[in-house]
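Q: fold the stuff below for me.
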Amino acid sequence: MVGFIQPIGALMPIAEMQARWVARVFAKKCALPSKKEMMADIKLKRDRMTARYAESPRHTIEADPIPYMDEVAAFVGCKPKLLKMFFTEPKLAIKCVFGPCTPPQFRLHGPHPWEGARKAIENVDNNVISAICTRQAKVIHRNSNATWYLLLAIILITFAFVVYRRNGDVGGAVNDFGETFTSTFGHFKGFLSTKG
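A: Next up is the predicted model:
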């Protein structure tokens, strides 16, 4: 039955691969293994599942997606020819080996190849990021002049306050303001040097 499997990952690519195999078998373009080979394979897979997973009804159809896809793709005739690709298209081969395993890899060769498979594999990073970025954050462009105007306003208000406190003595206010600024800057500089 197509899709009757529990992969550790996405089911749809595996179901597609199974459907491709079933269609080729029905069209008599490829044959099933012999009954003896299939029974031996079933026993081998059951032994592996028993060794790996807890015994439960849930783990009777468990499968690792990449080895399973490679196995079925070999029957279909669309398993990626990675060794050949390392010599003919090394960048694509590196993406296939070290990148995520995606369905377009099984559309590079064999029956029903897809023209867009190479591009889909090359752009897989963008495709994954686009799929998980469901919201775009609004970028607020701030006017950098506004920040300087605000800083200037704070300095002028502070200076006016110092002049007021000095009873209108602008010269003394400038002196006080300069001392305060130098002292504050010195403390801040000292603070940064202790943190670094």
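Q: phi first, then psi, for Q105.
A: Here the main-chain torsion angles of Q105 (degrees, to the nearest 10) amount to phi -60, psi -30.
Q: any idea which element M49 lies in?
A: Of the helices and strands defined by DSSP states H and E, M49 is found in helix 35-52.
Q: what is the very next helix or strand once past that helix packed up against?
A: Sequence order places strand 62-63 as the next helix or strand after helix 35-52, per DSSP H and E. Using 3 or more Cβ pairs under 8 Å, 6 or more residues apart in numbering; DSSP states H and E as the contact definition, the elements that strand 62-63 packs against are strand 6-7. Where you see a C-beta, it was placed from the backbone N, CA and C, and this is true even at glycine.
Q: any idea how far the helix or strand just after the strand it packs on is from the chain center?
A: Downstream of strand 6-7, the next assigned helix or strand under DSSP H and E is helix 12-26. The chain centre lies 27 Å from the centre of helix 12-26; the measure is Cα atoms, centre = their mean, to the nearest Å.
Q: can you show me the CA trace of helix 12-26 as PDB?
A: What follows is helix 12-26 as a C-alpha-only set of coordinates in PDB (Å, rounded to 0.1, in the frame of the first residue of the first chain):
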ATOM      1  CA  MET A  12       4.800  12.700   1.100                       C
ATOM      2  CA  PRO A  13       8.200  12.300  -0.600                       C
ATOM      3  CA  ILE A  14       8.300   8.600   0.400                       C
ATOM      4  CA  ALA A  15       4.700   8.100  -0.800                       C
ATOM      5  CA  GLU A  16       5.600   9.700  -4.100                       C
ATOM      6  CA  MET A  17       8.600   7.400  -4.500                       C
ATOM      7  CA  GLN A  18       6.400   4.400  -3.700                       C
ATOM      8  CA  ALA A  19       3.800   5.500  -6.200                       C
ATOM      9  CA  ARG A  20       6.500   5.900  -8.900                       C
ATOM     10  CA  TRP A  21       7.600   2.300  -8.200                       C
ATOM     11  CA  VAL A  22       4.100   0.900  -8.200                       C
ATOM     12  CA  ALA A  23       3.300   2.700 -11.500                       C
ATOM     13  CA  ARG A  24       6.500   1.300 -13.100                       C
ATOM     14  CA  VAL A  25       5.600  -2.200 -11.800                       C
ATOM     15  CA  PHE A  26       2.000  -2.000 -13.100                       C
END
